[in-house]
Every structure is written in C-alpha cells, then in structure tokens.
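Engineer: no sequence on this one, just coordinates:
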C-alpha cells in the first residue's frame, strides 16, 4: 500500500525541487487519501474538496518534511486526519445516525440495492459515532487496509495502543449495530 | 460504492491482523467482517484526479521555479533596492525581465517585463506564452521585435499591457525555447525604450515520450473465414477443441448471406462434400473450419460441457413453446438423456460439479444432478433478472435491473451491485468482467473480480457508435465491442488500444478458448471466425526492446542516475555523461553490423544570456545470450553551443519500410522542404515523394522504388525555417544496415 521507504524518501527529496516528482507522489497516494477521506465523510463532493486540501497542504509543506521522521505516507495521512477533523469542526454534528442517513422513515421499503447501500452507510456511520482516535484507527484499518504499525506511525502511537483503539472501537460498533444478515436473493423451496 | 473484495472464508476478515486481534471473539470478528464488507470504496473521478494533479504540479512549479528568485535582467542592479517595497511587491518583482544598468541611470518609467513561464523547464507545448509589461507599450514595435527560437509560427494579441503569444501549432515537445524581444522594440507608448533586450527561456514537457517510432499505424482489419450460414443463430459457446457451438436453423437450398433463407453451406474453403452432406434442420451444431456442421442436439438456448469434458448439458426449447428441457448427452450429441423441465426458458447452464448442473432462467436458478433430482432454487432480487453466469465452475451469476447490475456468488450468496452497469460479460478464467457503462454507452468498464468497484473505463474511438454487444476473451485481455452500426472493435483491456476492427455487419461476437480466434455472427446468420492479429509492432528492423533500452538510458543520463545506467550497459562500458543535463532524446535507431545503433541528443537548457548547449551521443545496443539488450558501446560528445536554425529531432523508417519520417524542432519554410531530402541505397539515389505536416513539423518521404540495404537519409542545409534560418548543420543517418 505504500512505496518502499528508500524510494519514497528519494522521491520526496526530488519533490522539493521537481514538480513532477510531487506529481508522482500524488499519483501514488491520491487514491488512498481520497478513500480515507471518503470513508470519514461519506460525501463525494466533500471528499474531493478535502483531498485537494490535503495535497495542497502537503505541497506547501513538503520542503519541511524530514526523511528522518515518520514515512511520507504517514505524514500525508496525518495531514488528511487533521483536514478531516477540521472539516468536521466546521460542520454541525448530526444529532442522530438514522436521521443523518435519511432512513428513519421505514414505511416505504427501498429497493434491494438501495438497502445494501444504506446498510453500508449505516454500519460505517457507527464508526463515526466513536471517539475521534478510535474512528481514525478504525477507518485506517478497515477502510484503507493499513498495517497496525503504519497506523501507529500516522497517529503517533505504539502498535499496542492502536490494537487497543481498534478493539475498543470494534466493541463500540458492535454495541451500535444489530445483527442483520440480509441475504441478497430470496431463498425459497423447490417449486416442483 | 462499497467494496467488492475477494471472498475470505467465513472465519476470516481477509486481514490477518484483524483475524489475530478478534480470533477469540466471534462476535467482534463478525463485526469486523461486516465493516470490511461495507467499507466505502469510492471511485475517484478521473477528471477530478487529472485536474487536481495539473493544479498541484502547476503550483509546485510556481513554488519551485527559479523565476521567483532569479533575475534575468535586473532593473536597479541589486535586489535589496526593492526590499523596501514589501513582500507583496517583491514577489511581483521577482520575475522582472528587464534592463541592465544602475538604478540611478535608469528612468523610473523604463519598460519592464515579466513572463510567468520563464525558466519553467516543462510547460505544456500548447500553452500560450504571456509577457506582461509595466506600462502601455508600442504594440506594433514589440510584436515586430519578437523572436522565438527554435522558430515557431505564432499569433499575438494584447490583453491590456500583456502580450499573449500563441503558437500556431503546439510547440515541439521536450525542447528548450528562448524568447527574445529586441531592445529597440521594447518601447513604451511614450517612446521610452529599454536599455537591453527582453530575453527568457523555458522548456516544453517531454510528452509524448520522444521516440523515433511514428504514430501507430491504423489497426488491422479482421479477415473472417465463414463457417456456415444459419437462420437466427445463437452462439452458445465453444467446446474444448475450440469448435463453435451454435443453435439455429440450417438450410442448404439458398446461397450464403440470404437473409430470407439462410444457407448451411460451409465456406468456399470448406470441402465440397461438406456442402452436399449438410443437414437441414433446426438444431444445435458444432461448427469447425473445413468440416461439416455436426448436429449435436435440438435447438438449444444454452449448452455447457461438464468439467471432465465427458458430457454435454443442453437446455433445449420445450415443445410447448415456453420453458426448457434439460438433458445431457455425450459431447457428440449421442446417448441423450432427459433430466427435467423448467417453467421458464433457460438462458444459461453451468456444471458446478461433475454431477450437478445449475440452470439459470430470468428469475431463478435451479440445480439438478445428473440423476434428475432437483435440489435448490434461488430467485432473483425484485426488479432484476438473471442474464448469465461467469467464472470458474459458474460460481457467479449476473443479474440486471434498469439502473444497475448485480454479481452474486452462488456459494456464499453474497452479492455486489455494479451501478450503471449493463450487458455484463465475464472472462472464462473468472478474473475479469466487462460491461457497458449505462451512463455513457461509448464506454466499456473493465474490472477485476477483486476490484469491482474500481473499473477502468475504455472509451470507444470517435468514429465508433454506441456499444451494442460485448464479449471478453478467456483471460480478460481483449474485449470485442459490436457498435450500433454493426462494426466490430477489438480493444486491449489494459491499454484501451484498438487492436483490430471489422466493418461488419456483425450482430454478435465471441472468443475461442485459445484466445487467438474470434467468432462473428452477422445479422443474416452467417457464422465466421477470424484469427486475432498480433498488436502493431515497432518498425520491422528495430526490436522494441532496443528502442526502450535507448530511451531508458538517455532518461537515466538526464536524471544523473548512475545506478540505472550501470544496469543498462554491458561489461566494460564506461558511462560518461555531461553534467547539468536538462533533457535528451533518441533521434534515430537502426540496425548496424548486427546490432542496433542509436543516435541521441543531450541538452543543457539556456540559462541567462547563454544559449542551449548540446552533446550528440551514439549508443551501440545488442542482446546478450538471454535476449536482454544492453548498451555495448557508448560515444558521447562534448557539450557545445547549439547553433541556431532547425534541428532534426527524430528520423527513422516507418512500420512500412517504404516510408521515412523526419521530425524537426522548428516550423519549416514549406517551400524549401521538397528539395532538401535525399535517400540513397549504396551509390544509388532512391526517388522519393516528400510531404510536410506543419502541425507535427514532420516530413514524410515515400520511397518510389524498393528500399535496399544501406539506406541512408540526408537533409541538406538548403532547408530553412520560417525565419529563414538554414538547417543548423547538414544531417545524415543510416536507416538500414
């Protein structure tokens, strides 16, 4: 998911003097950052805005990035995490998950694919209700498939601390969700 | 927008760390699985991605450009003179292009100029050049004194005090340019002139990648071989030998192509006896080249071979006119055995084991074993209908609704919604899906099974119509598209390149298992097959690997990447690269004494008042015993000032060896082109016709007699650019050994 450290460091050093090298870093990480941002915001337009903001901030700060510190990818995710938090701070919090997702009215059953989409949003909205550190760790692990050590690097915590955050986060999500297996096709008995 | 990942076993999240973390807690493990399955998998809009990249790179160039720090012609002599003006003004002043001299000697209102692209090494070749002045200028004088080197035809206009210079054709790629406005021409409306010329340099981006190979030739046209004519034929698939299994009505009484009474007759290439012995009947047939169509059963809506190849399952049309009769038989149709009937018409069959057949109808999937017992039923989701099956063992089934398609795993009953997907087809190896984008009927989306939410879109060429029918080959590397004008387009799924076309009429297409044959069915029932041609190759006399190596080597020199360079050279080759290179490219490559000889040019961009310097280089390239190419010898010249005038930047044979193309960095005076080129083969002069494309600055020489060995191109100094400058130096290169 991330570039080899030595190559990444070389690329970042080049990016300090070569615009195309920054473009190469962008090419490699924009998908991951956008996915992370989207997993936290659930809004395509906002995800694009915040992704733009992340890379612009990274461009302006890349000259100060030191290879002796965390990997560039971790540094980039730190910027993304802060940008997402800034975005949330600038918005009014949703008072209720179901209301926020528009599924409080259950009178009209939606189509199956809509149900699937809502199901996805609902279980991920449960992550959004977690404390900030837990939801960041959960989003990086479950949304971006990062290793625990990478998440630790991004969040400035030990791998053990990340395990604890994810364990607590998962328990929190579990408490908020009801068990629902929702088969995609109705299984029926033989017609003949 | 949710993840379509591969399917881990029920005890796993697919993430070893999560499995380890929650392995002892089934409920939390199940929650983790549920979260991962629902993880958002947003599709990053391609336009947004490209636009943001361009904006960032532009911003990066602005941040990094020496023009923010460097004064080419500094008014007032020293930067501190502007220090008192404050940061904002200092930033504006940082790219002033003006006049040498002391502050006290200069009138305060002397013309000054800025250019945003100054010292930018890689602007878009189509980008306009703007020069902004600090006061109203004598526009006629400024434009009259404007020069661009290498020469390029431009148009000019003024926006206030800013001169906008727009190249008539995109500038040459990967080229350093210098803009000069004569000192006397830098004159304001009140008559004040600058004390020095305006002069600045910039470079163009190396896009497309420099290569002596001309643009790809038009893709080849398929040449199908007819197999048979049928009425209302349906291609059901292929047997393990690559024969086409077709259901339809065969009739020997008319000629091929007659839509009213289609002809069973095999093609002219088939044996005459085949024509005489063809069977006239409705049925399912095996069609093979040069063989009589073999009837293997009644007309069917679907067929499938058992995994061991021992049996054929057929879903034939029931006599009552609705539903299907499911039977099995030997592969040649012998020993048929009726298994069961279905209420609805079967559209697909699959063997999920050597004794189990699943029958797909529009609304349900029924499972039978070979003794006829009925074991399971799955119905389609409301509003959807099943359209087909796919992947290994028919594990996945595709259903479709008006605004989406769905892929369902028959084993786990898990499904993935594909928004905006229609006409989903599946490669036989189970790795790749293709579908028509319902929002844009000229886009084919291609996705790997584990990347369903992130398809790559292939756009049909401009001259193609909307997508009518789709087929994908067995390994997911090629997709066949029949457009609504019944033409066929064969596209590479990785490159999106058009590999071949067929003008049609084609109604449907399918791929043979060995992937180098495609079967076509036209509207009147003629079935034919065609070999899929190999993709276009590099010029016949130059291995693509040799050209790639030459380009990689030069790119490594420009980067100063000694590690890469050492990997590309053979034993004992000493790499000496001039320092400070800005750009470089391969001008030509051709066989020479059993090896390849490439001519390259290495360039240091202009700086300040100093023009570009160049070094020419010769690379001898050959393959070792394992077929890997290396630079076996290297001759690199010393950097020297680049003379003015047009330069050859690429020269070489086309894919058609009777065509030679020569590209230049300057806009040429077309009147001087035809007489400037010569082709010789040994001592003999080869007559040529020369045409010139001003847009690409390329002369095309068509040889009027066959090219022999030792073909040599020469360009005479009589060639002029649009400014009247002669070719920088006469040019000669050997094109064939």
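Structural biologist: Received it, and whenever you're ready, just let me know what you need. Remember, it's a predicted structure, so these values are computed and weren't measured experimentally.
Engineer: Could you tell me how far stretch A:21-29 lies from the centre of the chain?
Structural biologist: 19 Å (C-alpha atoms, centre = their mean, to the nearest Å).
Engineer: per-residue confidence averaged over it?
Structural biologist: Here stretch A:21-29 scores 87 as its mean pLDDT.
Engineer: Can you report how many residues lie near residue B:340?
Structural biologist: 16 (other C-beta atoms under 10 Å in any protein chain shown). All C-beta atoms are positioned from the backbone trio N, CA, C, and that covers glycine.
Engineer: Spell out which residues make up each domain of chain A.
Structural biologist: Following automatic domain parsing, chain A resolves into domains at A:1-91, A:94-182.
Engineer: So which of those is nearest residue B:484?
Structural biologist: domain A:94-182 (27.6 Å; C-beta to C-beta).
Engineer: Point out where chain A drops to low pLDDT.
Structural biologist: A:1-4, A:90-121, A:178-192 (pLDDT under 70).
Engineer: would you list every one of the helices in it?
Structural biologist: Along chain A, counting by DSSP state H, helices occupy A:5-15, A:19-41, A:44-61, A:72-89, A:97-101, A:112-128, A:132-138, A:148-155, A:159-176.
Engineer: Also the stretch 601-737 of chain B?
Structural biologist: Counting by DSSP state H, counting those that start in this stretch, the stretch 601-737 of chain B has no helices to list.
Engineer: what would the domains of chain A look like in TSV with distance to chain B?
Structural biologist: Converted to TSV, the domains of chain A look like this (distance: least, C-beta to the nearest C-beta, whole Å):
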stretch	distance to chain B
domain A:1-91	4
domain A:94-182	4
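Engineer: Can you add mean neighbour count and give the ones you listed back as TSV?
Structural biologist: Output for the domains of chain A, formatted as TSV (neighbours: other C-beta atoms under 10 Å in any protein chain shown):
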stretch	mean neighbour count
domain A:1-91	18
domain A:94-182	18
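Engineer: Indicate which one of these is closest to residue B:203.
Structural biologist: Using C-beta to C-beta, the nearest of the domains of chain A to residue B:203 is domain A:1-91, at 12.1 Å.
Engineer: I'd assumed residue A:42 was in contact with residue A:143.
Structural biologist: No. Assessed by C-beta atoms under 8 Å, residue A:143 is found out of contact with residue A:42, at 11.0 Å.
Engineer: what sits in contact with each of those two?
Structural biologist: residue B:40 (C-beta atoms under 8 Å, 6 or more residues apart in numbering or on different chains).
Engineer: now the domains of chain A in a markdown table, with distance to residue B:641?
Structural biologist: Shown next, in a markdown table, are the domains of chain A (distance: least, C-beta to C-beta, whole Å):
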| stretch | distance to residue B:641 |
| --- | --- |
| domain A:1-91 | 26 |
| domain A:94-182 | 51 |
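Engineer: Could you point out which of these sits nearest residue B:631?
Structural biologist: So among the domains of chain A, domain A:1-91 is nearest, using C-beta to C-beta, at 23.5 Å.
Engineer: Which residue, neighbours along the chain excluded, lies closest to residue B:566?
Structural biologist: residue B:575 (6.9 Å; C-beta to C-beta, 6 or more residues apart in numbering or on different chains).
Engineer: quick one, what contacts that neighbour?
Structural biologist: Counted by C-beta under 8 Å, 6+ apart, residue B:575 has contacts B:562, B:565-566, B:569, B:634.
Engineer: Of those residues, which belong to helices?
Structural biologist: For these, secondary structure assignment (DSSP H) places B:562, B:565-566 in helices.
Engineer: out of the residues you listed, which are buried?
Structural biologist: residue B:565 (16 or more other C-beta atoms under 10 Å in any protein chain shown).
Engineer: which one of the ones in helices among the contacts of residue B:575 sits closest to residue B:626?
Structural biologist: Closest approach between the ones in helices among the contacts of residue B:575 and residue B:626, by C-beta to C-beta: residue B:566, at 18.1 Å.
Engineer: gap between residue B:156 and residue B:168?
Structural biologist: 11 Å (C-beta to C-beta, to the nearest Å).
Engineer: So those two - more neighbours on which side?
Structural biologist: residue B:156 (15 against 12).
Engineer: Surely that one is in a helix?
Structural biologist: No. Under the criterion used here (DSSP: H, G, I helix; E, B strand; the rest coil), residue B:156 is strand, not part of a helix.
Engineer: Phi, psi for residue B:144 please.
Structural biologist: Dihedral pair for residue B:144: phi -70, psi -30, per degrees, to the nearest 10.
Engineer: Once you drop chain neighbours, what's closest to it?
Structural biologist: residue B:185 (5.9 Å).
Engineer: For that neighbour, list the residues it contacts.
Structural biologist: B:141-142, B:144-146.
Engineer: so which of these is the most crowded?
Structural biologist: residue B:142 (23 neighbours).
Engineer: which element is that one on?
Structural biologist: Residue B:142 is part of helix B:139-144 when elements are defined by DSSP states H and E.
Engineer: what are the pairing partners of the next helix-or-strand element following that helix, and which direction each?
Structural biologist: Under the assignment DSSP H and E, the closest C-terminal helix or strand after helix B:139-144 is strand B:146-149. Each strand that pairs with strand B:146-149, with its direction, by DSSP bridges: strand B:176-181 (antiparallel).
Engineer: Quick one: mean pLDDT for the helix or strand just after the strand it pairs with?
Structural biologist: Tracing the chain C-terminally past strand B:176-181 and defining elements by DSSP H and E, one meets strand B:198-203 next. Averaged over strand B:198-203, pLDDT sits at 90.
Engineer: What are the contacting residues of strand B:198-203?
Structural biologist: B:72-73, B:97-98, B:113, B:115, B:117-123, B:129, B:131, B:174-181, B:186, B:582-583, B:605-607, B:609.
Engineer: Just the ones in strands from those, please.
Structural biologist: B:97, B:113, B:129, B:131, B:176-181, B:583 (DSSP state E).
Engineer: Skipping its backbone neighbours, what lies nearest the spatially most central residue of chain A in space?
Structural biologist: For chain A, the residue sitting closest to the mean C-alpha position, by C-alpha atoms, centre = their mean, is residue A:36 at 2.7 Å. For residue A:36, ignoring the flanking residues on the chain, the nearest one in space by C-beta to C-beta, 6+ apart is residue A:144 at 5.2 Å.
Engineer: What is the nearest of the contacts of residue B:575 to residue A:62?
Structural biologist: residue B:562 (25.3 Å).
Engineer: Check what pLDDT that closest one gets.
Structural biologist: In this model, residue B:562 is scored at 83, pLDDT.
Engineer: Quick check: closest non-adjacent residue to it.
Structural biologist: Nearest to residue B:562 is residue B:575, by C-beta to C-beta, 6+ apart, at 7.2 Å.
Engineer: from the stretch 51-200 of chain B, which residue is nearest to chain A?
Structural biologist: residue B:60 (3.5 Å; C-beta to the nearest C-beta).
Engineer: Now that residue. Its backbone dihedrals?
Structural biologist: The phi/psi pair for residue B:60 (degrees, to the nearest 10) is phi -60, psi -40.
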